[in-house]
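[1] Next input, structure requested:
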Amino acid sequence: MSQYIDLSQTIKNAMPVHPYDDEVKLYQDKFLERDQYNNTKLEAGMHIGTHIDAPRHLLDRTE
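    A predicted model of the protein is given here:
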């Protein structure tokens, strides 16, 4: 029987990041009254939340 472990995390401002990375920036950049729609912008490095992509950091490729 397979067991699944949920590694997802809520993306939010001030969440943990790698010490060398910039902080997560999550903010509304479009507003219904002004832009006719709402939109939220996310700026983040690859070291937010869980870190299951670690082996890729040691490979010299962009795939």
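[2] Quick check, residue 22 in contact with residue 45.
    Yes. Using Cβ atoms under 8 Å, residue 22 is in contact with residue 45, at 6.2 Å. From N, CA and C alone the C-beta is placed, and that goes for glycine too.
[3] which intervals of the protein have sub-threshold pLDDT?
    Where the chain drops to pLDDT under 70, the residues are 50-57, 61-63.
[4] got the residue ranges for the helices in it?
    Taking DSSP state H, the helices of the chain run over residues 32-35.
[5] so where do the strands sit in it?
    Taking DSSP state E as the test, the strands found in the chain are 25-30, 39-43.
[6] In a markdown table, list the ones you listed along with distance to residue 14.
    Below are those laid out as a markdown table (distance: least, Cβ to Cβ, whole Å):
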| stretch | distance to residue 14 |
| --- | --- |
| strand 25-30 | 10 |
| strand 39-43 | 14 |
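[7] Can you say which of these is nearest to residue 4?
    strand 39-43 (25.5 Å; Cβ to Cβ).
[8] how close does the nearest residue to residue 40 once chain neighbours are set aside get to residue 42?
    Distance criterion Cβ to Cβ, 6 or more residues apart in numbering; nearest residue to residue 40, sequence neighbours excluded, is residue 28 at 5.4 Å. Shown here: residue 28 relative to residue 42, a distance of 11 Å by Cβ to Cβ, to the nearest Å.
[9] for residue 18, same thing?
    For residue 18, the distance to residue 42 equals 17 Å [Cβ to Cβ].
[10] And residue 1, by the same measure?
    Distance from residue 1 to residue 42, counting by Cβ to Cβ: 36 Å.
[11] who's more crowded, the two?
    Using other Cβ atoms under 10 Å as the criterion, residue 1 and residue 42 rank with residue 42 on top: 11 against 2.
[12] How many residues are close by the residue nearest to the more buried one when sequence neighbours are not counted?
    Among residues not flanking residue 42 along the chain, residue 26 sits closest, at 5.3 Å (Cβ to Cβ, 6+ apart). Using other Cβ under 10 Å, residue 26 has 15 neighbouring residues.
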